[in-house]
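Colleague: Sequence plus the predicted model coming up.
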Amino acid sequence: MIEKSYLKNLIKKPKIISELKFEQLSNVFQQVKSHFKEENSLLEFKLDGKEEEVYVIGDIHGNLQSMLKLIEIIEKKNPKLVIFLGDIVDRGTYQLECLILVFALKVIEPNRYFLLRGNHETLEMNQYYGFFQDFMSRFKDQSKFNEILSIYDILPICAVINDNILCLHGGIPEDFDILKKLKNKKHKDLDKTTINLGIYQILWNDPKEVEILNFSNSFRGPGIKFFGQRAFDAFMKKNNLQLLIRAHECFPEGYRWFFNKRLLSIFSSANYRGYFSPNPGSYAIIRDNNLIPMLIQ
């Protein structure tokens, strides 16, 4: 059992994470995994009053500076819930540090902090975009990486706030019944033969307001889709939802609205492509059944 004071010290001094032995990290992995194992694939939350807030955070991608600014904002504003939409690692300079910070927050306050699975919570993406190589350069043992993969495997897929706001990483899938299939099911209880493509598309799909109305093939790869206004409206109506918040795409303005301001796309890693193509990091506040986009100052 890890002392919360120890984890709080890591949050205050995150660069010491790079000095930790694998056995110390493994203790964090095992403890956070025990929390994720108890969560359903579809998280459901109800806010009691108009003033209660949920903070929703998009892709971090190893950006420690953005991560620490978000923690500072959260500590100052004290929202009831914080939901990360995935993609904590890959590409950035401080990938392991950011991942451990999210895990530390979860262990300290498991009923406040939640992490959804993104498309980079996979071995294939970590091997292609850098986290796996970073891990191997530190610990020299591929079998140790399995501890991280076992956590990815059980992460929740999406969350619904007050029965009408959907939070996920990528986008809506072609399977409009996916939320019913995820509801009240833990990862071990899911029927993988009927649900895998739907989950894959939740992690990967993108909205598109021009040229298409329903679904079309995406440049991202086989099975991945763009979805247009008609598909979005039909999915939301089928599931009695009003608003959707997602991450997965970086925009120069920091966030972007789609579909008559019913879909908000955020991205929390500032200057993701470098300072030659700057972007502010963004997050969102859910308050009184509204989505409020915010830039990280």
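Modeller: Okay, I see it. Fair warning: this is a prediction, and the values are worked out from it, not measured in the lab.

Colleague: Mind jotting down where the helices sit in the stretch 101-250 of the chain?
Modeller: Secondary structure of the stretch 101-250 of the chain (DSSP state H, counting those that start in this stretch): helices located at 123-129, 131-139, 142-152, 178-182, 192-204, 229-238.

Colleague: gap between Glu211 and Lys192?
Modeller: Look at Glu211 and Lys192: by C-beta to C-beta, to the nearest Å, they are 33 Å apart. Every C-beta, even on glycine, is put in place using the N, C-alpha and C of the backbone.

Colleague: can you pull out the strands in this structure?
Modeller: Here the chain has its strands, by DSSP state E, at 42-45, 53-57, 81-84, 113-115, 158-161, 165-167, 206-207, 215-217, 225-227, 243-246, 255-258, 263-266, 282-287, 290-295.

Colleague: Of all these, which one is nearest Met1?
Modeller: Closest approach to Met1 among these is made by strand 113-115 (18.3 Å; C-beta to C-beta).

Colleague: The closest one - contacts with which helices or strands?
Modeller: strand 81-84, helix 95-108 (3 or more C-beta pairs under 8 Å, 6 or more residues apart in numbering; DSSP states H and E).

Colleague: Turn these into TSV, columns for mean pLDDT, mean neighbour count and distance to Gly118.
Modeller: Output for the helices and strands packed on strand 113-115, formatted as TSV (pLDDT from 0 to 100; neighbours: other C-beta atoms under 10 Å; distance: least, C-beta to C-beta, whole Å):
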stretch	mean pLDDT	mean neighbour count	distance to Gly118
strand 81-84	98	24	9
helix 95-108	98	23	12
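
Colleague: And those: which comes nearest Asn9?
Modeller: Short answer: helix 95-108, nearest of those by C-beta to C-beta, at 9.4 Å.

Colleague: Tell me the gap between the closest one and the middle of its chain.
Modeller: Here the centre of helix 95-108 is set off from its chain's centre by 13 Å, with C-alpha atoms, centre = their mean, to the nearest Å.

Colleague: From the contact counts, what lies against that helix?
Modeller: helix 4-12, helix 22-36, helix 64-77, strand 113-115, helix 131-139.

Colleague: Give me the pLDDT for the closest residue to Gly62 other than its chain neighbours.
Modeller: The spatial neighbour of Gly62 that comes closest, neighbours along the chain excluded (C-beta to C-beta, 6 or more residues apart in numbering), is Gly92 at 2.3 Å. If you check Gly92, the pLDDT there is 93.

Colleague: do the same with Lys192
Modeller: Confidence at Lys192, expressed as pLDDT, is 84.

Colleague: try the one 10 residues further on
Modeller: pLDDT, the model's per-residue confidence, is 98 for Ile202.

Colleague: and it, how many neighbours?
Modeller: 26 (other C-beta atoms under 10 Å).

Colleague: my guess is it contacts Gly170, does it?
Modeller: Yes: using C-beta atoms under 8 Å, Ile202 is in contact with Gly170, at 5.8 Å.

Colleague: re earlier: distance to Ser34 for the helices of the stretch 101-250 of the chain - can I get that in JSON lines?
Modeller: JSON lines is the format used below for the helices of the stretch 101-250 of the chain (distance: least, C-beta to C-beta, whole Å):
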{"stretch": "helix 123-129", "distance to Ser34": "22"}
{"stretch": "helix 131-139", "distance to Ser34": "22"}
{"stretch": "helix 142-152", "distance to Ser34": "10"}
{"stretch": "helix 178-182", "distance to Ser34": "21"}
{"stretch": "helix 192-204", "distance to Ser34": "23"}
{"stretch": "helix 229-238", "distance to Ser34": "34"}
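
Colleague: most neighbours per residue, which of these?
Modeller: Ranked by mean neighbour count, these are led by helix 178-182 with a mean of 20 (mean count of other C-beta atoms under 10 Å).

Colleague: what does that helix rub up against?
Modeller: The contact list for helix 178-182 (C-beta atoms under 8 Å, 6 or more residues apart in numbering) reads 40-42, 157-158, 160, 166, 175, 190-191, 194-195, 198-199, 202, 239.
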